[in-house]
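1. I would like to see how this sequence folds:
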Amino acid sequence: MDVPHTKRIVILGKTGAGKSSLANTIFGEKLFMIGDTAISETRECQAETKSVNGRSITLVDTPGFFDTDRPEEELKADIVRCITECSPGPHAVLIVLKVERYTEQEEAVINKIKEYFSEQLFSEEVFKYTTVLFTHGDQLDEGQTIEQYFCNNKAVSDLVKKCGGRCHVIDNKYWNNDQQDEYRSNKFQVEELLKTIDEITEANRGGCYTNEMLQAAEEIIQQEEERIRKSSPNMSEEEIREQAKVSTFKKLMIKLAGIATGALLGALLGVGVSVGVVILALKKVF
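-> Now for the predicted structure:
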């Protein structure tokens with residue numbers, strides 16, 4: 001039997017949105033560290049691979065890239081690690097928000113997301129791979145769907161519309177047991193999410209979202225793989241890949257030290273100007 005093609009899924013959102021818990025819910029196993037406070041427990045990107053409902057999936061759990069009160073300089077290593085973990089690009093991107101009363105802080109997060117996902121700066125291509133996912137689904141009123149929850153919130157509605165109308169809801173705490181209402185069952189919701197990711201992959205002919213910067217990172221990883229393969233012929237391909245990513249991360253951290261954190265995140269998300277800045281820096285080195 002052929003090994004199923006592994007889909008890389010990047011999880012984005014602010015600290016406290018439930019990204020790590022979501023990853024554990026999808027895998028049905030506690031592989032990702034969860035914090036009990038608003039302080040991020042995801043200090044760096046973590047990637048895990050597992051088979052879920054017959055699908056091979058790699059989840060890339062990221063720190064709070066969209067936190068409004070976190071010094072951007074602290075994000076640099078996290079962003080570079082995310083670049084190496086999801087290279088040559090993700091098959092799907094999940095933007096994680098919470099079901100909660102809409103506050104000024106939430107509006108600031110949405111605005112920051114829109115800043116990076118704006119039509120003026122951001123490649124529309126990535127929206128073909130992106131889905132909005134809400135956590136804390138138990139906060140929905142009885143009988144309320146997630147679409148009904150945000151229908152009067154223009155900022156969220158516009159974001160979902162940009163993502164092709166794709167949105168899902170999960171509750172990482174209360175929907176794990178058997179539920180009378182199928183809609184309030186993580187088993188049901190995870191399968192619905194995976195079906196959406198299947199549809200995204202099919203619509204994009206099995207390809208992943210990529211850009212020139214992500215492709216350049218993949219080329220560096222492949223160069224490192226070839227070097228390691230020659231020096232350590234007894235290593236497995238999986239071990240070679242992991243070691244190559246570690247080497248690439250260290251190289252990128254040194255060579256991209258002069259690049260602003262905002263430009264790095266912009267390059268990851270496909271902002272044309274930012275991609276150009278990072279590529280120029282890489283070409284000076286490699």
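
2. wait, isn't residue 75 in contact with residue 66?
-> No: at 10.0 Å, residue 75 does not count as touching residue 66 under the criterion of CB atoms under 8 Å. Heads up, the C-betas are built off the backbone N, CA and C, glycines and all.

3. Please say which of those two ends up with more neighbours.
-> Taking other CB atoms under 10 Å, residue 75 and residue 66 do not tie; residue 66 has more neighbours (24 against 20).

4. Which pLDDT value belongs to the more buried one?
-> Looking at residue 66, its pLDDT is 70.

5. ok, it to residue 240 distance?
-> According to CB to CB, to the nearest Å, residue 66 and residue 240 sit 34 Å apart.

6. same thing with residue 10?
-> In this view, residue 10 and residue 240 are 23 Å apart by CB to CB.

7. So for these two, which sits in the more crowded spot?
-> Neighbour count, other CB under 10 Å: between residue 10 and residue 240, residue 10 has more, with 26 against 18.

8. what ranges do the helices span in the stretch 151-286 of the chain?
-> 154-162, 186-203, 212-231, 237-255, 261-268, 272-283 (DSSP state H, counting those that start in this stretch).

9. so which of these gets nearest residue 125?
-> helix 272-283 (10.8 Å; CB to CB).

10. which helices and strands does the closest one pack with?
-> helix 212-231, helix 261-268 (3 or more CB pairs under 8 Å, 6 or more residues apart in numbering; DSSP states H and E).

11. what's the most buried one of the ones you listed?
-> Among the helices and strands packed on helix 272-283, helix 261-268 has the highest mean neighbour count (mean count of other CB atoms under 10 Å), at a mean of 22.

12. contact partners of that one?
-> 65, 72-73, 75-76, 79-80, 82-83, 116, 121, 211, 213-214, 256, 273-275, 277-278 (CB atoms under 8 Å, 6 or more residues apart in numbering).

13. which ones are touching residue 202?
-> Applying CB under 8 Å, 6+ apart, no residues contact residue 202.

14. do you know how far it is from residue 189?
-> For residue 202, the distance to residue 189 (CB to CB) stands at 20 Å.

15. so residue 79 touches residue 60, yeah?
-> No: Residue 79 is beyond contact range of residue 60, at 11.9 Å (criterion: CB under 8 Å).

16. Please state the backbone phi and psi of the residue nearest to residue 81 when sequence neighbours are not counted?
-> In this structure, residue 81 finds its nearest non-sequential neighbour in residue 45, 4.3 Å apart by CB to CB, 6 or more residues apart in numbering. Backbone torsions for residue 45, taken as degrees, to the nearest 10, come to phi -60, psi 140.
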